[in-house]
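# this is the structure alone, sequence omitted:
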């Protein structure tokens, strides 16, 4: 499906958006990737959403990426005798392993791993950081704290521990079952929560065994500290700003977002900017100006995708939220300043033939009257390298592998089209010409750039670049048998 923008839109499915009619409407409105939140719903409910997405994909002949977002470990307090208590600033409060109902002096924290990692002076955050405790003394089964920021605390509120690395794997037992289910179902991407170290990513990759690409969610301070290593081990990244804003000072999140987006782009790996982008549209058909600016900022930074969470999953206006993102993206990408920012942030990385080919394709497209760059790809690497260049013309990623086409639906500027297996470069040129005409990217004697690798169907062999007319009769005229 031809879009009038390059940045992609990810939308979470939920009670507001789980019917066939709504999922189709969302895709037609602009959704390129559907997120299945494994924290909610049974496997059968998720299976049904997956089935509908694939049905819509077939109906519209438009590759759609499906992202399964694993829950990760959930750290929560236990229950209170009265359901909730009010903590006063400066009061003493204990967390321990005692399963008895809590009160104004203590509550159960049924996670011995947390107590193993605590030291005096670190912070415990409860209920998305609304409650802040400072650890004064601790042992293997307790933490005596002072209330720094008080308020109401109730049953099963979440706990964050930002100052230490927790001895917890990113994959819980539930996550392992969900991962296997999602991979067997046929999702394209797995989003990994609670990443703290490289081995969290490598463990998920081993379990996925090539059945899905691995996307690391950056939501912990330790993940920020080790970002370069985590990025190298991952296929893509999600900047989960909501969780980062709980565990880090809120003013630190914008510069972190900017740095991470640039590093992902330099590595030619897709990056999603996520959480609270159009949150007011959960209940309002119109976003705030600040939210629109937030979405625009991510696009100006060069993010591959922006994401809707509750706005599309549980909100009253899911289609309008997608349309808003779509309109903002079109407006930003038409701004001359956007082009200047993208060009200024372009980095030179890599010295292979493939890197040179895609850089030359972008340069040719920007200095001559080229309508599109068509790249033939099996693994998707050539399309990712082309997307890293952020060319001013559309990128047509042509592949014979449905899985590659779906995964590339997350990547900046890539329109993914299916093609049969090819044996000659001339056939690739003809197929590219036909596809760009059929897709409305070019017509008549317009020119396109084609990149491919010979021998065909071998990943990592990009070694040819050609400028060709879009009219296949001209191709045969200039390339007689």
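Looks like it arrived, so ask away. Since this is a predicted model, take the numbers as computed values, not measurements. Numbers count the residues shown, from 1 in each chain.
# when you work out contacts or count neighbours from here on, use the C-alpha atoms and nothing else.
Will do.
# which helix or strand contains the residue nearest the centre of the chain?
Nearest to the geometric centre of the chain sits residue 272, at 3.5 Å (CA atoms, centre = their mean). Assessed by DSSP states H and E, residue 272 sits inside strand 271-274.
# for that strand, which outside residues touch it?
236-242, 257, 261, 264-265, 298, 303-309 (CA atoms under 8 Å, 6 or more residues apart in numbering).
# what of stretch 78-93?
Against stretch 78-93 from outside (CA under 8 Å, 6+ apart): 99, 101-110, 144-157.
# now, of those, which are buried?
Buried members of the contacts of stretch 78-93, scored by 16 or more other CA atoms under 10 Å, are 102-104, 106-110, 144-151, 153-156.
# what's the weakest-modelled helix or strand in this protein?
helix 472-478 (a mean of 66; mean pLDDT, DSSP states H and E).
# let me see the mean pLDDT of the helix ranked longest in the chain.
Determined from DSSP state H, the single longest helix within the chain is helix 43-60. The average pLDDT for helix 43-60 rounds to 97.
# would you mark the buried spots in it?
Neighbour-count burial for helix 43-60 [16+ other CA under 10 Å]: 46-47, 49-50, 52-54, 56-57.
# which stretches of the stretch 1-150 of the chain form helices?
For the stretch 1-150 of the chain, the helices defined by DSSP state H, counting those that start in this stretch occupy 20-29, 43-60, 112-117.
# now the ones you listed as a markdown table including distance to residue 384?
Putting the helices of the stretch 1-150 of the chain into a markdown table (distance: least, CA to CA, whole Å) gives the following:
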| stretch | distance to residue 384 |
| --- | --- |
| helix 20-29 | 22 |
| helix 43-60 | 22 |
| helix 112-117 | 39 |
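# which among the ones you listed is found nearest to residue 382?
Between residue 382 and the helices of the stretch 1-150 of the chain, the shortest gap by CA to CA is with helix 43-60, which sits at 23.8 Å.
# residues near residue 356, how many?
Neighbourhood size, residue 356 [other CA atoms under 10 Å]: 16.
# same check, this time on the one 3 residues further on
Residues lying near residue 359 (other CA under 10 Å) number 19.
# so how far is the helix or strand containing it from its chain's centroid?
Residue 359 is part of helix 353-367, with elements assigned from DSSP H and E. Distance, stretch centre to chain centre, for helix 353-367: 26 Å (CA atoms, centre = their mean, to the nearest Å).
# elements contacting the helix or strand just after that helix?
Scanning forward in sequence from helix 353-367 by DSSP H and E, the next helix or strand is strand 370-376. The elements that strand 370-376 packs onto, with contact taken as 3 or more CA pairs under 8 Å, 6 or more residues apart in numbering; DSSP states H and E, are helix 353-367, helix 381-388, strand 395-399, helix 425-438, strand 447-453.
# at 7 Å instead, please
In terms of contacts (3 or more CA pairs under 7 Å, 6 or more residues apart in numbering; DSSP states H and E), strand 370-376 is packed against strand 395-399, strand 447-453.
# and the first one with helix 353-367, angle?
Compare the direction of strand 395-399 with that of helix 353-367 by axes from the mean of the first three to the mean of the last three CA atoms, to 10 degrees and you get 140 degrees.
# now the longest one
Here strand 447-453 runs at an angle of 180 degrees relative to helix 353-367 (the same axes, to 10 degrees).
# and strand 447-453, which strands flank it?
Paired strands of strand 447-453, with direction, are strand 370-376 (parallel), strand 462-469 (antiparallel) (DSSP bridges).
# just tell me which of the ones you listed ends up closest to residue 445.
For the strands paired with strand 447-453, the distance to residue 445 is smallest for strand 462-469, at 5.3 Å, taking CA to CA.
# buried ones in the closest one?
Within strand 462-469, the residues that count as buried by 16+ other CA under 10 Å are 462-463, 465-469.
# pick the one among those closest to residue 442.
Using CA to CA, residue 469 comes nearest to residue 442 of the buried residues of strand 462-469, at 9.5 Å.
# and that closest one, what is it in contact with?
Counting by CA atoms under 7 Å, 6 or more residues apart in numbering, residue 469 makes contact with 445-448, 475.
# make a markdown table out of the residues you listed and add neighbour count and distance to residue 163.
A markdown table is the format used below for the contacts of residue 469 (neighbours: other CA atoms under 10 Å; distance: CA to CA, whole Å):
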| residue | neighbour count | distance to residue 163 |
| --- | --- | --- |
| 445 | 14 | 61 |
| 446 | 18 | 58 |
| 447 | 21 | 56 |
| 448 | 26 | 53 |
| 475 | 16 | 62 |
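# quick one: least confident of the residues you listed?
Out of these, that is residue 475, at 65.
# and the strands paired with strand 447-453, which one is worst for confidence?
Looking at those, the bottom one is strand 462-469 with a mean of 90.
# figure out how far it is from the centre of its chain.
Distance, centroid of strand 462-469 to centroid of chain: 31 Å (CA atoms, centre = their mean).
# distance of residue 269 from residue 67?
15 Å (CA to CA, to the nearest Å).
# pick out whichever of those two has more residues nearby.
residue 67 (27 against 24).
# picking up where we left off before, and the buried residues of strand 462-469, which is closest to residue 166?
Using CA to CA, residue 462 is the member of those that sits closest to residue 166, with 43.1 Å.
# burial count for the closest residue to residue 164 other than its chain neighbours?
Leaving aside its sequence neighbours, residue 164 sits nearest to residue 117 (CA to CA, 6 or more residues apart in numbering; 6.7 Å). When counting by other CA under 10 Å, one arrives at 17 neighbours for residue 117.
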